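Asks: here is the input, now give the coordinates:
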Amino acid sequence: MNHRDQLVAACDHQLRAGQFKDFTINGLQVEGREQVQRVMSGVTACQALLEEAVAWQADLLLVHHGYFWKNEPVPITGMKQRRIKTLLANDISLLAYHLPLDAHAEMGNNAELAKRLGWKVEGCLDGELGEGLLWSGRLVVPQTIGELAKQVGVTLQREPLVIEAFNSEPIERIAWCTGGAQDMIVDAYDAGAQVFVSGEISERTTHLAREMGIHYIAAGHHATERYGVQALGEWLASEFDVEHRFVDIDNPA
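Replies: Take a look at the predicted model:
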């Protein structure tokens, strides 16, 4: 078996976790048993995922959305108490990576989304690849907004919410950022993107898209962020002698 700290150090190094200013703690959040044979991954460390980890007798739980967020109430009571108690009672470690897992150039959420949808990555609009969060590229074959939205829906198994700009030109230039990045639509437009894809939508997003003349696809926060943590879990399994299992706790948001 592998020592917990060895796996944590490998993930920290691979994702360059210490280089990111984030809203939470990246890395080991709850310490469980030292020896690790089974790693379960999932998007969010909700109670349902914790119960799956307990049932599978996982040693380590790897997630994108963990605990201890900025401005989160400090007391460990209620839901937070139940979640942490489940981990501690079963000696399961919780390992979480937020922005580092969005940004990673090969197995981050943005990289994995592009792979699944066949988008050609050209770079980041807010930093170097591997550091920036707003990615840009091109469609291999130009599509209408309807064709692109259908492809996104089929691939992610979730119907997206689409805001169409008042033009019908074929789309080639695209920008994207998984999760709750709808306000990056302005930067995407300024960079010349014809469509911006993210997870969520706000009331203002509709007006921004229509008035600037850029299509917007809200493909789901959860749906767009399923794949980075899977890729990281698979990487751990390939690098170390551990079993890996991804569990998708459905979330329509």
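Asks: how much space between the spatially most central residue of the chain and residue 34?
Replies: For the chain, residue 225 is the residue whose C-alpha lies nearest the centre (C-alpha atoms, centre = their mean; 3.1 Å). Distance check for residue 225 against residue 34: by C-beta to C-beta, to the nearest Å, it reads 30 Å. (Each C-beta comes from the backbone N, C-alpha and C, glycine too.)
Asks: over to residue 123?
Replies: Per C-beta to C-beta, residue 123 is found 41 Å from residue 34.
Asks: now swap in residue 131 and tell me
Replies: From residue 131 over to residue 34 the distance is 32 Å, taken as C-beta to C-beta.
Asks: same question, residue 17
Replies: From residue 17 to residue 34 the distance is 21 Å (C-beta to C-beta).
Asks: same drill for the two, tell me which one is more crowded.
Replies: Relative neighbour count places residue 17 above the other of residue 17 and residue 34, with 20 against 14, counting by other C-beta atoms under 10 Å.
Asks: find the nearest non-adjacent residue to that one, please.
Replies: Computed as C-beta to C-beta, 6 or more residues apart in numbering, the closest residue to residue 17 that is not its neighbour in sequence is residue 26, at 4.2 Å.
Asks: quick one, what contacts the one you found?
Replies: Contacts were defined as C-beta atoms under 8 Å, 6 or more residues apart in numbering; by that measure residue 26 touches 12, 15, 17-18, 20, 96-100.
Asks: okay, and which of these map to helices?
Replies: Using DSSP state H, 12, 15, 99-100 are the members of the contacts of residue 26 that sit in helices.
Asks: and of those, the nearest to residue 158?
Replies: Using C-beta to C-beta, residue 99 is the member of the ones in helices among the contacts of residue 26 that lies nearest residue 158, at 22.9 Å.
Asks: quick check: the farthest pair among the ones in helices among the contacts of residue 26?
Replies: Comparing every pair within the ones in helices among the contacts of residue 26 by C-beta to C-beta identifies 12 and 99 as the most remote, at 13.4 Å.
Asks: what residues sit buried inside stretch 193-213?
Replies: When burial is assessed from 16 or more other C-beta atoms under 10 Å, stretch 193-213 yields the following buried residues: 193-201, 205, 208-209.
Asks: give the rounded mean pLDDT of it.
Replies: With pLDDT averaged residue by residue, stretch 193-213 scores 98.
Asks: same thing with stretch 26-36?
Replies: Across stretch 26-36, the per-residue pLDDT values average to 98.
Asks: so for that stretch, first residue to last residue, what's the gap.
Replies: End-to-end distance of stretch 26-36 (C-alpha to C-alpha, to the nearest Å): 19 Å.
Asks: go on, stretch 156-170?
Replies: Terminal residues of stretch 156-170 are spaced 22 Å apart (C-alpha to C-alpha).
Asks: what lies in contact with that stretch?
Replies: Stretch 156-170 is touched from outside by 116, 142-145, 149, 152-153, 194, 201, 205-206, 209-210, 212-220, 223-224, 226, 252, with contacts defined as C-beta under 8 Å, 6+ apart.
Asks: buried ones among those?
Replies: Those of the contacts of stretch 156-170 that meet the buried threshold are 143, 145, 149, 152-153, 194, 201, 205, 209, 214-220, 223-224, 226, by 16+ other C-beta under 10 Å.
Asks: please, where are all the strands along the chain?
Replies: Ranges of strands in the chain, per DSSP state E, are 2-3, 27-30, 35-36, 38-44, 60-65, 93-96, 119-124, 135-143, 161-163, 171-176, 195-198, 215-218, 243-246.
Asks: contact partners of the second one?
Replies: The set of residues external to strand 27-30 that reach it, using C-beta under 8 Å, 6+ apart, is 4, 8, 11-12, 17, 66-68, 84, 87-88, 92-97.
Asks: same question for the fifth one.
Replies: Among residues not part of strand 60-65, those counted as contacts by C-beta under 8 Å, 6+ apart are 4, 7, 11, 32, 36, 38-45, 49-50, 53, 87, 92-98, 101, 109, 225, 228-229, 232-233, 236.
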